[in-house]
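In: make a model of this:
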Amino acid sequence: MRRPTSWQRPHLTRAGHRLLAAGLVGVLVAGTAGCFGGADDAPQLIKIGMLANIDGQLEAPGSELRDGFQLYLDMHGGQLGGHPAEMVVADEGYDPQVAVESATRLLEQDGVSAITGIINGGNVTAILPLINERQVPLVGGLGRPEIDDVTYVWHTNLLSEEPGVAMAPFVKQEVGNGRVYAIGPDFQGGRDELRGFVDTFKGLGGRIANPGGQAVFSPFPGTTDFQPYLEEIAESDADAIYCFFDAQSAISFVQQYAESDVADLPLYAAGFVTEPASLEAQGEAAEGIYNGLNYSPDLDNAANREFVAAWNAAYPGRVPTSIVMASYDAAAVLDRAIAAAGTNPTPAQINAAIANLGQLTSPRGPWQFAKTTHAPIQKWYLRQVRRDGRALANVVVSELTTLGG
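Out: Residues are numbered from 1 along each chain as shown. Here you go, the predicted model:
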């Protein structure tokens, strides 16, 4: 990680020297620092806490959060809002207590002005009392559940239920009166994602094939054998499958689905299932899967072209994902807010500035924070895994909807 460059203390103006020569040293030395840009007015180092998994099953999205934020810093001279900036990384872990302990260290020992990252949306709820007590903004880069108090909580990616909400109308259109089996991992994001799909699908008159009409959840983390679930799908007389998984679980589920007795059933998914790190390992098993997400690297706009070119130069061979994009946008949000919050702003002043940012330019297209949820108002895209030369890619087929208003 690159350290920010140092800065020099400004020199006194000529007027300051004349006043000093006039014998007003005792009165004016302190005043000169305030009026003419002394040390107290020099841009201070801004520290941003990055809370994300650094190992285990969710290390891949953790690295995407870190690298997306760092890319923005590298493209902007290591600065945010005119201040030298440093990203301080702490482990989110797989237990809420780990996330709380890491957030506490970031706030108390490292003195961060904001926290970003967070993969498991349940950890947002876990650290919320700390965020509110310290009045430090959380600018998350992935998903979270809906929460009552969002005063200091902002998210640049999505609400956890939204991929399912966005995909449900398309799946209903495809299956008609057919029945869909819904499955995902048993953690906060998985439960939110499947609830978004099931509730929206049922509201459109769709039928759920699962026993009791409710989604099925596999233990998280650690589920690698999905054969019992695939056998249950075969016995359910489902006409299609909808799933949400990420990282290693997404790879295992898609590979085992393609070799199972239900491989002839259409598989629809949240976009995280076929993101590039998983898609490479899934191979032909993923071809043809329709999925929904708020970003694809083939979107044709100037901000995305600049972003993709910079990412490819910094990380050759890696395809930028929605997680990378949203973490990059989290840095952009903080950049603008810190610049607008005044000289050496407090975390509370940065938070107030975020509320007044308005529309933002992004690789995904223009978006802005919703007033009630502090999550993006943004377009959602239908993608399909298709051949792009020798490689497989998520190709944008059409727009699905706009959510967040």
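In: report the next helix or strand after the helix or strand hosting residue 50 in sequence order.
Out: In the assignment (DSSP states H and E), residue 50 maps to strand 46-52. As assigned by DSSP H and E, the chain's next helix or strand after strand 46-52 is helix 59-75.
In: residues in contact with that next one: which ones?
Out: 1-2, 48, 50, 52-54, 79-80, 85, 87, 89, 92, 116-117, 119, 141-142, 246-247, 277, 310-311, 314-315, 320-321, 323-328, 330-332, 335 (C-beta atoms under 8 Å, 6 or more residues apart in numbering). C-beta here means a position set from N, CA and C on the backbone, and glycine is covered the same way.
In: isn't residue 393 right up against residue 384?
Out: No - with contact defined as C-beta atoms under 8 Å, residue 393 does not reach residue 384; the gap is 9.5 Å.
In: the more surrounded of the two?
Out: residue 393 (19 against 16; other C-beta atoms under 10 Å).
In: tell me the contacts of the closest residue in space to that one that isn't next to it in sequence?
Out: Leaving aside its sequence neighbours, residue 393 sits nearest to residue 386 (C-beta to C-beta, 6 or more residues apart in numbering; 6.5 Å). Counting by C-beta under 8 Å, 6+ apart, residue 386 makes contact with 287, 288, 392, 393, 395.
In: just the helices in the stretch 151-300 of the chain please.
Out: 162-175, 188-203, 227-235, 247-258, 276-282 (DSSP state H, counting those that start in this stretch).
In: same question but for the stretch 301-405 of the chain, I mixed them up
Out: 302-314, 322-340, 347-354.
In: give the rounded mean pLDDT of stretch 74-93.
Out: Stretch 74-93 shows a mean pLDDT of 98.
In: list the buried ones in that stretch?
Out: Under the neighbour-count criterion of 16 or more other C-beta atoms under 10 Å, stretch 74-93 has 75, 78-81, 83-93 buried.
In: would you mind listing which of the contacts of helix 59-75 are buried?
Out: Here, 16+ other C-beta under 10 Å leaves 48, 50, 52-53, 79-80, 85, 87, 89, 92, 116-117, 119, 141-142, 246-247, 277, 310-311, 315, 320-321, 323-328, 330-332, 335 buried among these.
In: quick check: domain ranges of the chain?
Out: In terms of domains, the chain is parsed into 46-157+299-374, 162-293+382-403 (source: automatic domain parsing).
In: distance between the longest one and the chain's centre?
Out: Put plainly, it is domain 46-157+299-374. In terms of C-alpha atoms, centre = their mean, to the nearest Å, the centre of domain 46-157+299-374 is set 7 Å apart from its chain centre.
In: one step back: helices or strands up against the strand holding residue 50?
Out: Applying 3 or more C-beta pairs under 8 Å, 6 or more residues apart in numbering; DSSP states H and E, one finds that strand 46-52 contacts helix 59-75, strand 83-91, helix 96-108, strand 114-117, helix 322-340.
In: which of the contacts of residue 386 sit farthest apart?
Out: For the contacts of residue 386, the farthest-apart pair by C-beta to C-beta is 288 and 393; their separation is 12.5 Å.
In: shared neighbours of those two, anything?
Out: Residues touching both residue 288 and residue 393 (C-beta under 8 Å, 6+ apart): 385, 386.
In: how about residue 150, secondary structure?
Out: The three-state label given to residue 150 by DSSP: H, G, I helix; E, B strand; the rest coil is coil.
In: tell me the pLDDT at the nearest residue to residue 68 once chain neighbours are set aside?
Out: Counting by C-beta to C-beta, 6+ apart, residue 68 lies nearest to residue 327, which is 3.3 Å off, once chain neighbours are set aside. With respect to pLDDT, residue 327 scores 98.
In: for residue 327, give its distance to residue 333.
Out: As judged by C-beta to C-beta, to the nearest Å, residue 327 and residue 333 stand 11 Å apart.
In: and the closest residue to residue 397 other than its chain neighbours, how many neighbours does it have?
Out: Nearest residue to residue 397, sequence neighbours excluded (C-beta to C-beta, 6+ apart): residue 382, at 4.7 Å. Neighbours of residue 382 under the rule other C-beta under 10 Å: 20.
In: and residue 382, what does it touch?
Out: Residue 382 touches 167, 170, 290, 291, 292, 396, 397, 398, 399, 400, counting by C-beta under 8 Å, 6+ apart.
In: look up how far residue 268 lies from the spatially closest residue to the last one that is not a sequence neighbour.
Out: Put plainly, it is residue 400. Leaving out its chain neighbours, the residue that sits closest to residue 400 by C-beta to C-beta, 6+ apart is residue 380, at 4.3 Å. Between residue 380 and residue 268 the computed distance is 14 Å (C-beta to C-beta).
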